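**Student:** Below is the sequence, then the predicted model.
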Amino acid sequence: MHIDWTRCDGRGLCIELLPELLTRDDWGYPVGRGGSEIPIPQNLEYAAQEAVALCPTQALMLRK
């Protein structure tokens with residue numbers, strides 16, 4: 001997963017859907033727990049797809 005920081009406005013829906021992979025920075029923006037490119041484990045693929053689909057600013061992208 002990739003976060004486009006130019007689009008993100010820090011609403012936090014993705015953090016609620018993927019708390020195993022994302023956390024908030026000091027300003028409320030999502031940060032990957034393992035770095036900027038966030039690998040998605042197979043058991044969280046559905047939640048990641050849902051986070052991408054529900055992001056109101058289209059700031060998330062799944063990469064394979």
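**Tutor:** Received the coordinates, thanks. If you're wondering where the values come from, they're calculated on a predicted model, not measured in any experiment.
**Student:** Leaving out the residues flanking it, which one is nearest to the residue nearest the centre of the chain?
**Tutor:** Geometric centre of the chain, nearest residue: C14, 4.9 Å, by C-alpha atoms, centre = their mean. The shortest distance from C14 to any non-neighbouring residue, by C-beta to C-beta, 6 or more residues apart in numbering, is to A51 (4.3 Å). C-betas here are computed from N, CA, C, even on glycine.
**Student:** Assign a three-state SS to that neighbour, would you?
**Tutor:** Three-state call for A51 (DSSP: H, G, I helix; E, B strand; the rest coil): helix.
**Student:** most remote residue from the chain's center?
**Tutor:** D26 (16.0 Å).
**Student:** Quick check, pLDDT for that residue.
**Tutor:** At D26, the pLDDT value in this model is 93.
**Student:** repeat for D9
**Tutor:** 93.
**Student:** Strands along this structure, start to end?
**Tutor:** 2-3, 22-24, 30-32, 60-61 (DSSP state E).
**Student:** To N43, which of the ones you listed lies closest?
**Tutor:** Across the strands of the chain, N43 has its closest neighbour in strand 22-24 (15.5 Å, C-beta to C-beta).
**Student:** and that closest one, what other elements does it pack with?
**Tutor:** helix 13-17, strand 30-32 (3 or more C-beta pairs under 8 Å, 6 or more residues apart in numbering; DSSP states H and E).
**Student:** on that earlier part again, adding mean neighbour count and distance to G10, write the strands of the chain out as a markdown table.
**Tutor:** A markdown table is the format used below for the strands of the chain (neighbours: other C-beta atoms under 10 Å; distance: least, C-beta to C-beta, whole Å):
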| stretch | mean neighbour count | distance to G10 |
| --- | --- | --- |
| strand 2-3 | 17 | 11 |
| strand 22-24 | 16 | 8 |
| strand 30-32 | 19 | 8 |
| strand 60-61 | 18 | 13 |
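**Student:** could these be laid out in CSV, adding distance to N43?
**Tutor:** Below are these laid out as CSV (distance: least, C-beta to C-beta, whole Å):
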stretch, distance to N43
strand 2-3, 20
strand 22-24, 16
strand 30-32, 17
strand 60-61, 18
